[in-house]
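Undergrad: predicted model, plus sequence, below.
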Amino acid sequence: MTSIHDTAIIEDGAEIGAGTTVGAYSIIRSNVKIGENSKIGPHVVIEGHTEIGNENKIFQFASIGAEPQDLKFKGEASKLIIGNNNIIREYVTLQPGTEGGGMLTQVGNQNLFMASTHLGHDSRVGNKCIFANAATIAGHVTIEDKVFIGGLAAVHQYVKVGELSMIAAGAMTSQDVPSYCMVQGDRAQIIGIHQTGLERNGFSVEDIRSLKNTYKDLFLKPGLLSKKLNTLAADESQSKFSKIMLNFIKNSERGICSLRKQ
């Protein structure tokens, strides 16, 4: 059964699913919808037009759905939609969209937001991503599946971060991060393939070798990057994952992070 602490404030109109618990002194505003079997800790504030799925854990002092930190926001009924099985730790701030960005901030499933992380307005997060302590994501950012963002790292507005990539701790990322790559530094530069992440996610030795070869052909051999990219993208012998990386780079509108010189 739903369990709500006596000191919690649940406004009329809020919807809370079966099996969900709400801790002491938490506030759930009227336009909020929370699914089943979620755990809302003490001193949590959930507001705005926020929809939260099933089996999420939200820890004390998190701020979910508060007005975005965008001076253009004029109170429009934009949304924050959060999927299932996410862990949202202390002092995390997740903010809704704006009229200028599509009216929606969206978070997928099975993500971990460690303490003091921030997700800005109109951003999109896929599934199974990890945001280490104090990682900061600006507005209009797209983060694909299984991305790892290190502590104290920041991602600039409109950046896209490809699947299974890694942004190292403290990195300041102002351009797109290709799938399966690692970036590091200020400004963040590509330092190699995210091999540890690939291994942990079941990539075969052959898959990893193929990605490494594509990476070397693209970034380490002489010649213009654009010409090498077109040549590799047209090569039908490229592996499935190499094609994903190459297509991400080819479709980048902002431009990808530069390569760190050895």
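TA: All right, it came through fine.

Undergrad: could you pull up phi and psi at residue 143?
TA: Main-chain dihedrals, residue 143, degrees, to the nearest 10: phi -120, psi 120.

Undergrad: contacting residues around it?
TA: Taking CB atoms under 8 Å, 6 or more residues apart in numbering, we find residue 143 in contact with 123, 124, 125, 126, 129, 137, 149, 155, 160, 161. Using the backbone N, CA and C atoms, a C-beta is placed for each residue, glycine as well.

Undergrad: please redo it, this time with the cut-off set to 6 Å
TA: Shown in contact with residue 143 (CB atoms under 6 Å, 6 or more residues apart in numbering): 125, 129, 161.

Undergrad: show me which of the residues you listed is closest to residue 182.
TA: residue 161 (11.5 Å; CB to CB).

Undergrad: tell me what the closest one is bridged to.
TA: Under DSSP bridges, the beta-bridge partners of residue 161 are residue 143, residue 177.

Undergrad: ok, back up a step: now the contacts of residue 143 in a markdown table, please, with extra columns for pLDDT, neighbour count and distance to residue 214.
TA: Formatted as a markdown table, those follow (pLDDT from 0 to 100; neighbours: other CB atoms under 10 Å; distance: CB to CB, whole Å):
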| residue | pLDDT | neighbour count | distance to residue 214 |
| --- | --- | --- | --- |
| 125 | 99 | 26 | 26 |
| 129 | 98 | 25 | 24 |
| 161 | 99 | 27 | 19 |
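
Undergrad: next, format the residues you listed as TSV and append distance to residue 78.
TA: Output for the contacts of residue 143, formatted as TSV (distance: CB to CB, whole Å):
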residue	distance to residue 78
125	16
129	22
161	22
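
Undergrad: backbone dihedrals for residue 3, please?
TA: Dihedral angles for residue 3 - degrees, to the nearest 10 - are phi -130, psi 120.

Undergrad: poorly predicted segments of the stretch 151-262 of the chain, please.
TA: For the stretch 151-262 of the chain, the stretches with pLDDT under 70 are 262.

Undergrad: quick one, helices of the stretch 151-262 of the chain?
TA: Per DSSP state H, counting those that start in this stretch, the stretch 151-262 of the chain carries helices over the ranges 195-200, 205-215, 225-233, 240-250.

Undergrad: what's the closest of the ones you listed to residue 72?
TA: Judging the helices of the stretch 151-262 of the chain by CB to CB, what sits closest to residue 72 is helix 240-250, at 29.3 Å.

Undergrad: just checking, what packs against that closest one?
TA: helix 205-215, helix 225-233 (3 or more CB pairs under 6 Å, 6 or more residues apart in numbering; DSSP states H and E).

Undergrad: one step back: can you say which of the helices of the stretch 151-262 of the chain is packed in most?
TA: Of all the helices of the stretch 151-262 of the chain, helix 240-250 has the most neighbours on average by mean count of other CB atoms under 10 Å, namely a mean of 18.

Undergrad: contacts for it, please.
TA: Counting by CB under 6 Å, 6+ apart, residues outside helix 240-250 touching it are 162, 178, 179, 180, 207, 210, 211, 214, 232, 233, 256.

Undergrad: and the spatially closest residue to the fifth one that is not a sequence neighbour, how far is that from residue 248?
TA: Yep, that's residue 207 we're talking about. Distances taken as CB to CB, 6 or more residues apart in numbering put residue 241 closest to residue 207, at 5.7 Å, once the chain neighbours are dropped. Using CB to CB, to the nearest Å, residue 241 is found at 11 Å from residue 248.

Undergrad: want to throw the helices and strands packed on helix 240-250 into TSV with distance to residue 27?
TA: TSV is the format used below for the helices and strands packed on helix 240-250 (distance: least, CB to CB, whole Å):
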stretch	distance to residue 27
helix 205-215	47
helix 225-233	50
